[in-house]
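In: Predicted structure and sequence below. I'll ask about it afterward.
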Amino acid sequence: MVRHNNSNAQSSMNSNQYHGTKTRFQDPDEEDGVESSNLEGSIEVVDRVTDDVTMGGDPDVSFVDCGDGDDKTSADYYFDSYSHFGIHEEMLKDLVRTKTYQNVIYKNKFLFQNKIVLDVGAGTGILSLFCAKAGAAHVYAVECSQMADMAKQIVETNGFSDVITVLKGKIEEIELPVEKVDIIISEWMGYFLLFENMLNTVLHARDKWLVNDGVVLPDKASLYLTAIEDAEYKDDKIEFWNNVYGFDMNCIKKQAMMEPLVDTVDQNQIVTNCHLLKTMDISKMTPGDASFTAPFKLVANRDDYIHALVAYFDVSFTKCHKLMGFSTGPKSRATHWKQTVLYLDDVLTICEGEAITGSMTVAPNKKNPRDVDIMIKYSLNGRRCVISKVQHYKMR
């Protein structure tokens, strides 16, 4: 079932939907720069929406040994999932993702010329190739999965063996042939920004190898929250379990409610403003900063029902000549990250101007830090609906 189709949609926003500093990220296909200002406040992204990037289906994940022993940790399985070419094909075909990185590197060659670069989680080596072509003195591409072997061949085939060194292993365990690097570049973001991400790995590399005035790319990431009407799809995905061919499978419904859904949301479903929850400065933050509790206030822009909260993130490269970046929001061009839908137990009836207030707590799972535990406290004191509740979610 195709959930939504937001191709050819216009993304013009009402000025009251975002509060704070305005930022316009360029479409990766555009030649012009971006209009920008300080990102410490809220961000308004007014991205030109074009036809969605065609994505393949779910990647076929094969598990291959990354370490020497038979006893694998959850992290080992995470790395193994990146051994299959399918997941790399999906990411490379994500034009918003890949073209933004390409534009950041090619349009800011002054950052890379004659510099030592560390590519964390290099995959096929595409970012390393961009950096080498931009004039980097040397690039160390670190990849733990079996894709490292392919990356070595790709580097050699394209004539960059003298500039790019592919190192197979975990950042936390390898040693670089150099004491320091000038730039760390990585595409570390996961669904919901923090699910199965490599943020802590990037921070480890930063603290161990980056020079004092070095550059981390990207250096800013922001998480947002909004609310949507989603009766039809919630009925299909959640209420379905109430009666399955005449049988009560409500126990699965309870589990389904706790698992956030990664999917594409139609911008016309958005009922409220989009609230900035958290901005992380990758060049300064500590690993503990990825655990947080943030308040939110979502004000309805029309009378409607609310079935779910939706989270998405923006990524920024602030060290460029002009601010560059991209958004994974519903009003921006589609990416493979899509959005993260968190269904509410109850349907909220909200009137224009009324607000859902509350807080979101986010923390890595204690058993598997690449998973994410989410708690949402929310309340609505409206004319047609009064509610106060706490819900827990687990991204696995």
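Out: Noted; the coordinates are in hand. Residues are numbered from 1 along each chain as shown.
In: Is there a neighbour count for the nearest residue to Lys180 once chain neighbours are set aside? I'd like the number.
Out: For Lys180, ignoring the flanking residues on the chain, the nearest one in space by C-beta to C-beta, 6 or more residues apart in numbering is Val211 at 4.7 Å. Where you see a C-beta, it was placed from the backbone N, CA and C, and this is true even at glycine. Val211: 13 surrounding residues under other C-beta atoms under 10 Å.
In: likewise Ala122?
Out: Neighbour tally, Ala122, other C-beta under 10 Å: 29.
In: need the contact list for the closest residue to it other than its chain neighbours.
Out: Of all residues not flanking Ala122 in the chain, Ala141 sits nearest, at 3.6 Å (C-beta to C-beta, 6+ apart). By C-beta atoms under 8 Å, 6 or more residues apart in numbering, the contact list for Ala141 reads 119, 122, 125, 127-128, 151, 155, 164-167.
In: try 10 Å this time
Out: Neighbour list for Ala141: 117-129, 131-132, 148, 151-152, 154-155, 160, 164-168, 185 [criterion: C-beta atoms under 10 Å, 6 or more residues apart in numbering].
In: Tell me which of those residues fall in strands.
Out: In strands, defined here by DSSP state E, the members of these are 117-120, 164-168, 185.
In: nearest to His392, of those residues?
Out: The closest of the ones in strands among the contacts of Ala141 to His392 turns out to be Val120 (C-beta to C-beta; 31.6 Å).
In: quick one: the closest one and Ile185 touch, right?
Out: Yes: counting by C-beta atoms under 10 Å, Ile185 is a contact partner of Val120 at 7.4 Å.
In: Please identify which of those two sits among more neighbours.
Out: Here Val120 and Ile185 are compared on neighbour count by other C-beta under 10 Å; more neighbours surround Ile185, at 30 against 24.
In: Tell me the spacing between the more buried one and Glu179.
Out: According to C-beta to C-beta, to the nearest Å, Ile185 and Glu179 sit 19 Å apart.
In: ranges for the helices of the chain?
Out: With helices called from DSSP state H, the chain shows them at 74-80, 85-92, 95-106, 109-112, 126-133, 147-157, 199-209, 231-237, 250-258.
In: that older thread, doesn't Val117 make contact with the residue nearest to Lys180?
Out: No: using C-beta under 10 Å, Val211 is not in contact with Val117; the gap is 11.8 Å.
In: Give the residues shared as contacts by those two.
Out: Listed as contacting both Val211 and Val117 by C-beta under 10 Å, 6+ apart are 181-183.
In: Return the member of the residues you listed nearest to Asp281.
Out: Distances from Asp281 to the shared contacts of Val211 and Val117, taken by C-beta to C-beta, are shortest for Ile183, at 16.4 Å.
In: Okay, now the unreliable bits of this structure?
Out: 1-84 (pLDDT under 70).
In: which residues does Val163 contact?
Out: Val163 neighbours (C-beta under 10 Å, 6+ apart): 117, 128-129, 131-133, 135-139, 155.
In: if we go to 7 Å?
Out: For Val163, the contact set (C-beta atoms under 7 Å, 6 or more residues apart in numbering) comprises 132, 136, 138-139.
In: Just send those residues back as CSV, with neighbour count too.
Out: Below are the contacts of Val163 laid out as CSV (neighbours: other C-beta atoms under 10 Å):
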residue, neighbour count
Ala132, 25
Ala136, 26
His138, 18
Val139, 29
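In: how about these in JSON lines, adding distance to Ile387?
Out: Conversion of the contacts of Val163 to JSON lines gives the following (distance: C-beta to C-beta, whole Å):
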{"residue": "Ala132", "distance to Ile387": "56"}
{"residue": "Ala136", "distance to Ile387": "55"}
{"residue": "His138", "distance to Ile387": "58"}
{"residue": "Val139", "distance to Ile387": "53"}
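In: Next, give me the two most distant ones among the residues you listed.
Out: The widest separation within those (C-beta to C-beta) is 8.5 Å, between Ala132 and His138.
In: Output the longest strand belonging to the protein.
Out: As assigned by DSSP E, the longest strand anywhere in the chain is strand 304-317.
In: re the thing from before, for Pro330, state which of the shared contacts of Val211 and Val117 is nearest.
Out: Ile183 (32.3 Å).
In: The closest one contacts Gly214, doesn't it?
Out: Yes: in terms of C-beta atoms under 7 Å, Ile183 counts as a neighbour of Gly214; the distance is 6.4 Å.
In: more crowded one of these two?
Out: Just comparing Ile183 and Gly214: by other C-beta under 10 Å the higher neighbour count belongs to Ile183, 22 against 17.
In: check contacts around the more buried one.
Out: Counting by C-beta under 7 Å, 6+ apart, Ile183 touches 111-112, 115, 117, 214-215, 217.
In: what are the bridge partners for it, then?
Out: Beta-bridge pairing for Ile183 (DSSP bridges): Val117, Val215.
In: Okay, it and Met285: tell me how far apart.
Out: 18 Å.
In: quick one: contacts for the nearest residue to Ile228 once chain neighbours are set aside?
Out: Among residues not flanking Ile228 along the chain, Gln269 sits closest, at 4.2 Å (C-beta to C-beta, 6+ apart). Residues in contact with Gln269 (C-beta under 7 Å, 6+ apart) are 228-230.
In: Any chance of JSON lines for these, columns neighbour count and distance to Asp289?
Out: JSON lines is the format used below for the contacts of Gln269 (neighbours: other C-beta atoms under 10 Å; distance: C-beta to C-beta, whole Å):
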{"residue": "Ile228", "neighbour count": "24", "distance to Asp289": "28"}
{"residue": "Glu229", "neighbour count": "20", "distance to Asp289": "33"}
{"residue": "Asp230", "neighbour count": "28", "distance to Asp289": "31"}
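In: Sounds good, over and out.
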